[in-house]
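Novice: Sharing a model that was predicted from the sequence below.
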Amino acid sequence: MFAALLFGMGLASSPALASCVQTTVAERAALAEVVVYGTVTETRQTFAPASGVIRFRPGRFLKGTLPGEVEVYLGPTKGGAITSVDYSAVIRGEAHTLYLKAAGNGAWQTDACSGSHAGAPAADEASFFGTGTAAPPTTPKDNTSLALGALVIAAIALAGALFARGYSGPSTLTTTSP
C-alpha cells in the first residue's frame with residue numbers, strides 16, 4: 001500500500017505527465033528571478049500528499065544571486081497539494097539547474113515547466129547565459145548555541161564532581177595524640 005502511494009506521488013510529480021508549453025531558454029530566463037546551478041542538500045519527505053521542499057546550495061549563478069543555501073518549493077502550491085507540474089529533485093547531493101521565483105520569507109519555488117532540470121546547464125543554456133559567476137563559499141553554520149550548551153553541561157558536571165568530592169562522608173583517617 002505504501003509503495004503504491006509513493007509510486008502514485010512520483011507519477012503526480014513527474015514532468016513527463018506535465019502539460020508544459022515548450023519555451024526557449026530566453027523565455028524561461030525572462031520568467032525566472034534567479035537561474036542557478038547547485039546541489040540539493042536536504043529533502044523533506046512527508047506522508048501527506050504535498051509537493052516537495054528542498055534545501056539547495058548554489059554553486060554557480062547564471063542569472064541573479066541567492067543569499068546562500070535556500071529553501072526551494074518544488075511546485076506552484078508552495079508545499080500544498082501535489083500538482084502535475086511539481087518538479088522532482090529528491091536526491092540529496094544531486095546537482096540541478098534551477099529556474100527560481102521568490103516564494104516569500106526567503107524561500108524560492110520552481111516547477112517542471114520553469115525549465116529546471118537535473119544536471120549542469122545544457123548547451124543552449126551555456127550559450128545563452130555564458131559561464132555565469134561562481135557562488136561564494138558557504139559560511140559555516142553558527143554553532144554559538146551548541147558551544148554555549150556544551151559549556152553549561154561541562155560546568156554542571158564540574159560543579160557536581162566538586163560537590164561530591166567535598167561531601168564524600170566522614171574521613172577514614174584518624175588522628176591520635178602522642
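Specialist: Alright, I've got the coordinates.
Novice: longest helix in this protein, by residue count?
Specialist: Determined from DSSP state H, the single longest helix within the chain is helix 144-166.
Novice: Mind exporting the C-alpha coordinates of it to CSV?
Specialist: C-alpha atoms of helix 144-166 as CSV (Å, rounded to 0.1, in the frame of the first residue of the first chain):
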residue,chain,number,x,y,z
THR,A,144,27.3,29.5,19.2
SER,A,145,24.3,28.0,20.9
LEU,A,146,25.8,24.5,20.7
ALA,A,147,29.1,25.7,22.2
LEU,A,148,27.3,27.5,25.0
GLY,A,149,25.2,24.4,25.7
ALA,A,150,28.4,22.3,25.9
LEU,A,151,30.0,24.8,28.3
VAL,A,152,26.9,24.8,30.6
ILE,A,153,26.9,20.9,30.6
ALA,A,154,30.7,20.9,31.4
ALA,A,155,30.2,23.5,34.2
ILE,A,156,27.4,21.4,35.8
ALA,A,157,29.5,18.3,35.6
LEU,A,158,32.4,20.0,37.2
ALA,A,159,30.3,21.5,39.9
GLY,A,160,28.8,18.1,40.6
ALA,A,161,32.2,16.5,40.8
LEU,A,162,33.5,19.2,43.2
PHE,A,163,30.3,18.9,45.3
ALA,A,164,30.7,15.1,45.5
ARG,A,165,34.3,15.3,46.4
GLY,A,166,33.7,17.9,49.2
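Novice: same for it, what does it pack against?
Specialist: Counting contacts by 3 or more Cβ pairs under 8 Å, 6 or more residues apart in numbering; DSSP states H and E, helix 144-166 packs against no other helix or strand. (C-beta placed from N, C-alpha, C; glycine too.)
Novice: would residue 112 count as being in a strand?
Specialist: No - counting by DSSP: H, G, I helix; E, B strand; the rest coil, residue 112 is not found in a strand; it is coil.
Novice: Give me the number of neighbouring residues for it.
Specialist: By the measure other Cβ atoms under 10 Å, the count of residues near residue 112 is 24.
Novice: my guess is it meets residue 87, correct?
Specialist: Yes - proximity of residue 112 to residue 87 meets the contact threshold set by Cβ atoms under 8 Å, at 5.0 Å.
Novice: which residues of this structure score low on pLDDT?
Specialist: Counting by pLDDT under 70, the chain has low-confidence residues at 1-18, 45-50, 138-143, 166-178.
Novice: Just name whatever secondary elements the host helix or strand of residue 126 is in contact with.
Specialist: Taking DSSP states H and E as the criterion, residue 126 maps to helix 123-129. Using 3+ Cβ pairs under 8 Å, 6+ apart, the elements in contact with helix 123-129 are helix 25-31, strand 53-63.
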